[in-house]
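Asker: Generate a structure from the sequence data that follows.
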Amino acid sequence: MSLHILVILVAVALAFDFLNGFHDAANSIATIVSTRVMRPQWAVLWAAFFNFVAFLVFGLSVAATVGKGIIDPAIVDRHVVFGALIGAICWNIITWYYGIPSSSSHALIGGLAGAAVAKGGVNSLVGSGFIKTTAAIVLSPLLGLVLGALLMLAVSWAFSRTTPRRVDRWFRRLQFVSASFYSLGHGGNDAQKTMGIIWMLLIAANVTGPKDPLPFWVVMACQSAMALGTMFGGWRIVKTMGQKITKLKPVGGACAETGGAITLFLATWLGVPVSTTHTITGAIVGVGSVNKFNAVRWGVAGNIIWAWILTIPCSAFIAAVAWFLAQQYL
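Answerer: Okay, the predicted model is just below:
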């Protein structure tokens with residue numbers, strides 16, 4: 001792989017990382033904006049800061065899973081990486097345009113799988129890593145839902161004798177903390193996926209060895225791209241996440257963010273690349289269903305679930321087409 005091709009592909013990977021932050025900004029700020037605790041322009045700056053500093057808190061296990069545990073590193077070349085990134089980027093743009101909170105993470109996994117299968121067949125997939133990641137599609141929103149609901153129940157019981165006005169005032173302050181933890185978890189899990197892609201590229205180009213550590217400049221570049229994308233925000237998706245699923249108050253927003261943050265911290269510690277979108281959506285649904293089952297707009301939630309189901313196959317198909325075109329022209 002020539003140097004200029006490597007530079008171009010790293011730039012495309014960072015563009016995906018920027019778009020990931022842009023697309024998934026809703027995950028970090030939808031609850032705190034919809035509860036009117038923080039204005040949108042300040043919320044994105046708040047989220048961007050914690051997205052950036054996440055590398056100081058977490059290791060690089062998620063990057064290792066993406067870089068070495070989804071597809072066989074032996075088949076990785078510029079065409080596979082290009083196809084994977086184009087598949088993920090195109091699906092992100094489509095879902096952003098329609099305001100659908102799909103998963104950038106699973107768009108990338110689908111892109112990797114589609115490009116790899118197009119080149120080397122199903123055997124090019126690393127079964128254990130791919131299954132672990134796709135299982136997280138179901139498990140991460142369920143865990144977020146359960147934790148969000150349990151936290152909401154615990155808070156309702158603990159503050160049953162406190163006036164709603166005082167509860168609202170306290171949780172307006174606490175939501176700053178819960179939002180920062182969620183943004184930290186988002187930066188820790190999501191930015192590492194692009195680190196894994198660039199790591200894969202560097203190994204394929206023989207710039208670094210399979211057992212060498214990830215260069216620090218890759219960590220800084222990915223965290224910066226993610227933070228910049230978050231600063232620009234994705235307001236179409238913020239509206240869906242913060243207003244259309246269920247109506248949130250500060251106490252519900254804090255519980256949803258905390259439940260989501262716990263899920264992301266656990267997944268990142270285990271090295272599982274989960275969907276931050278799935279996670280916070282599950283937590284919001286859990287909080288809303290505690291207050292009143294029909295407080296959740298299940299039709300909107302159902303449309304989101306369909307987007308989750310379609311993300312991997314659609315991004316994989318686009319990636320396979322992009323791989324074929326790259327074979328001809330790149």
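Asker: residues near G253, how many?
Answerer: 28 (other Cβ atoms under 10 Å). All C-beta spots, glycine's among them, are computed from the backbone N, C-alpha and C.
Asker: A helix includes it, no?
Answerer: Yes - according to DSSP: H, G, I helix; E, B strand; the rest coil, the state of G253 is that of a helix.
Asker: residues in contact with it?
Answerer: Shown in contact with G253 (Cβ atoms under 8 Å, 6 or more residues apart in numbering): 31-32, 34-35, 37, 171, 175, 178-179.
Asker: Identify, from these, the entry nearest to V53.
Answerer: Nearest to V53, judged by Cβ to Cβ, of the contacts of G253 is A179 at 14.2 Å.
Asker: In space, what's closest to that closest one - neighbours in sequence excluded?
Answerer: The shortest distance from A179 to any non-neighbouring residue, by Cβ to Cβ, 6 or more residues apart in numbering, is to I32 (4.5 Å).
Asker: quick revisit: take the contacts of G253 and lay them out in JSON lines including neighbour count, secondary structure and pLDDT.
Answerer: Below are the contacts of G253 laid out as JSON lines (neighbours: other Cβ atoms under 10 Å; DSSP: H, G, I helix; E, B strand; the rest coil; pLDDT from 0 to 100):
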{"residue": "T31", "neighbour count": "32", "secondary structure": "helix", "pLDDT": "72"}
{"residue": "I32", "neighbour count": "30", "secondary structure": "helix", "pLDDT": "75"}
{"residue": "S34", "neighbour count": "22", "secondary structure": "helix", "pLDDT": "71"}
{"residue": "T35", "neighbour count": "23", "secondary structure": "coil", "pLDDT": "73"}
{"residue": "V37", "neighbour count": "21", "secondary structure": "coil", "pLDDT": "76"}
{"residue": "F171", "neighbour count": "21", "secondary structure": "helix", "pLDDT": "87"}
{"residue": "Q175", "neighbour count": "26", "secondary structure": "helix", "pLDDT": "83"}
{"residue": "S178", "neighbour count": "23", "secondary structure": "helix", "pLDDT": "87"}
{"residue": "A179", "neighbour count": "28", "secondary structure": "helix", "pLDDT": "84"}
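Asker: Turn those residues into JSON lines, columns for distance to L310.
Answerer: Below are the contacts of G253 laid out as JSON lines (distance: Cβ to Cβ, whole Å):
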{"residue": "T31", "distance to L310": "25"}
{"residue": "I32", "distance to L310": "29"}
{"residue": "S34", "distance to L310": "26"}
{"residue": "T35", "distance to L310": "30"}
{"residue": "V37", "distance to L310": "33"}
{"residue": "F171", "distance to L310": "36"}
{"residue": "Q175", "distance to L310": "32"}
{"residue": "S178", "distance to L310": "31"}
{"residue": "A179", "distance to L310": "29"}
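Asker: re the thing from before, quick one: the residue nearest to A179 and L174 touch, right?
Answerer: No - when contacts are counted by Cβ atoms under 8 Å, I32 is not listed as touching L174 (10.8 Å).
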